[in-house]
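K.L.:
Next one to model:
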Amino acid sequence: MSYWEIGDDRLRALLVPVRPEADELDGEEGTPGGERPLDDLIARVVWSVLIEPGDKGAGRLIAAIGSVAAARLVLDGAPASALVDATAGGFDEESATEALARWRPRRRWEDILRCLEGAIRCGASLVVPTDADWPPSLALLDESVPVLLWASGDRSLLRRPGIAIVGARAATGYGEHVAMELSAALSARDAVIVSGGAYGIDGMAHRAALASGGATVAVLAGGIDRLYPSGHEALLTRIAEQGLLVSEAPCGSAPTKWRFLQRNRLIAALSAATIVVEAGRRSGALSTAHHALQMSVPVGLVPGPITSAASAGCHAFLRDWEATLITGAADAMRLAFGDDGVLPLPSGGDALDDGPVGRVEQRRDPMHTRVLDALRPRRGMTVDETARSSGASVAAVQSALGALELEGEVQLGDDGLWRRASSARTSAAAS
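P.N.:
So this is what the prediction gives:
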C-alpha cells in the first residue's frame, strides 16, 4: 500500500527517469530519519510544489520531523497546533496558521505529477541533500535551504569551486567587456562561473566561460523547463549541454520577482565569492551581494566611472558594506580562495591531471573560511576574539583552528595567539 494517494508503481515510474540513482528507489531501507528513499523523494517533490523558494517555515518543519512526516501533516489537513507540537515551539499558533494558509492551496496531486512529467520531458534530474552532488555550502542557507534541486547538465559542477559573476541587465560596453575578461580569466584558473542566465553581465559571463572552454552554472528563477529570458534560449540550451542549469522551482513554474530574489541567494551560496561587475543603485544584482554577506561569503565589486549610473550601486556598496574592490582575476581568486589565489587541492591531497591547478571534489568547510577570514597574518588573536570576528561559537572556532593548524594554514604562536600562516608566495616575495 502506498504511503501516498498515488500508487508506488506510478510514483516510481515518474521518479526513475529524473533520478540517476534509480536503484535507491527499489529497496525498503530508510533514510537516516527512517523514511524510505521513495517516500523521501516524493515528499520533496511535494514540498517543491507546495512552497515558494526560500520558505523558512517549511525548512523548520522538515528539519524537525523529516520531509515525509512534514508533507503528510499538510496533505492530511492537520491543524496549526500540530505544527507547533511537531517543532517543539518552532512555530507559534499564528505563524503555523499563516504557513498552512500558504501551503494548503497547492495540495493538488495533478500539479505534483505534472511537475514530474515536465521534468521527464525536458531531461531534468533530481538532486537531494543525501546525494554526493549536493553542494555542502547550501547549509549556509539554514532554514531556507532548498528541499531539492532540479538540474540539467553536469551535476558534478555543483561540487566544484565556483565564483559568482553578476551585474546589471542593462549593462554598458565597459561592464560587458570586464565581465567577459574576468570570466575567461577565472575559467582559465579552473573556477566554475556561476550566474543567473540574464541579459547583460550574466549572459556575458556565461558566454565567456563557454568560449574559453571553462565550466559555468546558470541558476534559474523559474522551472528548468522554462528557459528565461527567451532571448537566451540558445545560450541556456548550450549551458545545459556543456555546463549546468539548476533551479529549485518545480517544472512549469514561471519566473517571478520573488523567485528572482530567492534565486540570488542560491547563486551566492553556490559560490566561494560573489563578484558584482556593474550595478545601478537599485540593481537586483546587489541583492546577491547582500545574501552573500549574510552567509559570510566574501563579496567583491568592480569599480566603474564615477559618472556612470550603471556603476553607482557598486560604488555605494563598496562605501557602505564590507566588500573588496576587484580589478582583475587575481583579486577575485584571492578573495575566493585565500591569499595565494589558488584553488584548494582535492581531499586526497594530490592535484588531478585534468586542469592547470587541479579540480576539487570537495569545497572548503565554510567554517574554515570564516575563521581564516577573521585571522590576520601578523596580529595574533585569541580564540574568543576570533569567535567574535567570525560570528561563530568558541567551540566551532576551536575545532576549525585545530583542523587548519594540521593543514598548515594557521599557526599558534608562543604568545598563545593564533595567526594566519604566511603563504609560500608571500615568503618568497619577502626574501
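K.L.:
would you list every one of the strands in the stretch 251-400 of the chain?
P.N.:
According to DSSP state E, counting those that start in this stretch, the stretch 251-400 of the chain carries its strands in the segments 273-276, 299-301, 324-325.
K.L.:
most packed of these?
P.N.:
Neighbour counts (mean count of other CB atoms under 10 Å) averaged over each of these peak at strand 273-276, with a mean of 31. C-beta: built from backbone N, CA, C; applies to glycine.
K.L.:
Measure how far it is from the centre of its chain, please.
P.N.:
Relative to the centre of its chain, strand 273-276 is centred 13 Å away, using CA atoms, centre = their mean, to the nearest Å.
K.L.:
quick one: Leu116 and Leu14 touch, right?
P.N.:
Yes: the criterion here is CB atoms under 8 Å, and Leu116 meets it with Leu14 at 4.2 Å.
K.L.:
Comparing those two, which shows the higher neighbour count?
P.N.:
The neighbour comparison of Leu116 against Leu14 (other CB atoms under 10 Å) goes to Leu116, with 23 against 20.
K.L.:
backbone phi and psi for the more buried one, please?
P.N.:
Backbone torsions of Leu116, given as degrees, to the nearest 10, read phi -70, psi -40.
K.L.:
can you check Leu244 too?
P.N.:
According to degrees, to the nearest 10, Leu244 has phi -150, psi 130.
K.L.:
ok, how many other residues are close to it?
P.N.:
23.
K.L.:
which non-adjacent residue is nearest it?
P.N.:
Counting by CB to CB, 6 or more residues apart in numbering, Gly153 is the residue found nearest to Leu244 once chain neighbours are left out, at 3.8 Å.
K.L.:
just Arg259 next, same as before
P.N.:
Leaving aside its sequence neighbours, Arg259 sits nearest to Ala221 (CB to CB, 6+ apart; 4.2 Å).
K.L.:
same thing with Ala198?
P.N.:
Arg169 (5.4 Å).
K.L.:
For burial, what's the neighbour tally of that neighbour?
P.N.:
The number of residues packed around Arg169, counting by other CB under 10 Å, is 18.
K.L.:
What of Glu5?
P.N.:
8.
K.L.:
try Asp365
P.N.:
Around Asp365 there are 15 other residues, counting by other CB under 10 Å.
K.L.:
Gly402 too?
P.N.:
Burial measure for Gly402: 12 neighbouring residues, criterion other CB under 10 Å.
K.L.:
do Val297 as well
P.N.:
By the measure other CB under 10 Å, the count of residues near Val297 is 25.
K.L.:
Name the SS class of Pro17, please.
P.N.:
helix (DSSP: H, G, I helix; E, B strand; the rest coil).
K.L.:
next one: phi and psi at Arg189?
P.N.:
Torsion angles, degrees, to the nearest 10, at Arg189: phi -90, psi 10.
K.L.:
Model confidence for it, exactly?
P.N.:
Arg189 carries a pLDDT value of 88.
K.L.:
can you check Ala101 too?
P.N.:
Looking at Ala101, its pLDDT stands at 86.
K.L.:
Look up how far Glu93 lies from it.
P.N.:
12 Å (CB to CB, to the nearest Å).
K.L.:
ditto for Arg114
P.N.:
Distance, Arg114 to Glu93, using CB to CB: 34 Å.
K.L.:
So for those two, which sits in the more crowded spot?
P.N.:
Arg114 (15 against 12).
K.L.:
which ones are touching the more buried one?
P.N.:
Neighbouring residues of Arg114 by CB atoms under 8 Å, 6 or more residues apart in numbering: 251-252.
K.L.:
Export the strands of the stretch 251-400 of the chain to TSV and append columns for distance to Ala58.
P.N.:
Below are the strands of the stretch 251-400 of the chain laid out as TSV (distance: least, CB to CB, whole Å):
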stretch	distance to Ala58
strand 273-276	25
strand 299-301	28
strand 324-325	34
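K.L.:
Dump those strands to a markdown table, plus mean pLDDT and distance to Asp415.
P.N.:
Formatted as a markdown table, the strands of the stretch 251-400 of the chain follow (pLDDT from 0 to 100; distance: least, CB to CB, whole Å):
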| stretch | mean pLDDT | distance to Asp415 |
| --- | --- | --- |
| strand 273-276 | 96 | 32 |
| strand 299-301 | 95 | 33 |
| strand 324-325 | 94 | 29 |
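K.L.:
Compare those and give me the one nearest Ser212.
P.N.:
Each of the strands of the stretch 251-400 of the chain has some distance to Ser212 by CB to CB; the shortest is strand 273-276, at 16.4 Å.
K.L.:
Please enumerate residues in contact with that closest one?
P.N.:
163-167, 182, 267-268, 285-286, 288-289, 292, 297-302, 313-314, 317, 326, 332, 335-336.
K.L.:
Leu140 touches His291, doesn't it?
P.N.:
No: checked against CB under 8 Å, the pair Leu140 and His291 is beyond contact range at 9.6 Å.
K.L.:
More neighbours: which of those two?
P.N.:
The residue with more neighbours, out of Leu140 and His291, is His291; 25 against 21, by other CB under 10 Å.
K.L.:
Can you name the residues that contact that one?
P.N.:
264-265, 267-269.
K.L.:
did I read that right, Leu100 in a helix?
P.N.:
Yes: assignment of Leu100 by three-state DSSP places it within a helix.
K.L.:
so what's the residue nearest to Arg259 scoring on pLDDT?
P.N.:
Reported pLDDT for Ala221: 93.
K.L.:
And the one 3 residues further on, by the same measure?
P.N.:
Listed pLDDT for Ile224 reads 92.
K.L.:
what residues does stretch 136-147 touch?
P.N.:
44, 47-48, 51, 53-60, 62-63, 67, 128-129, 248, 262, 265-266, 269-270, 295-297, 362-363, 365-366.
K.L.:
And that stretch, what's buried?
P.N.:
Residues of stretch 136-147 classed as buried by neighbour count (16 or more other CB atoms under 10 Å): 137-138, 140-141, 144-147.
K.L.:
what residues are up against the closest residue to Gly413 other than its chain neighbours?
P.N.:
Excluding the flanking residues, the one nearest Gly413 by CB to CB, 6+ apart is Gly380, at 5.5 Å. Counting by CB under 8 Å, 6+ apart, Gly380 makes contact with 413, 415, 417-419.
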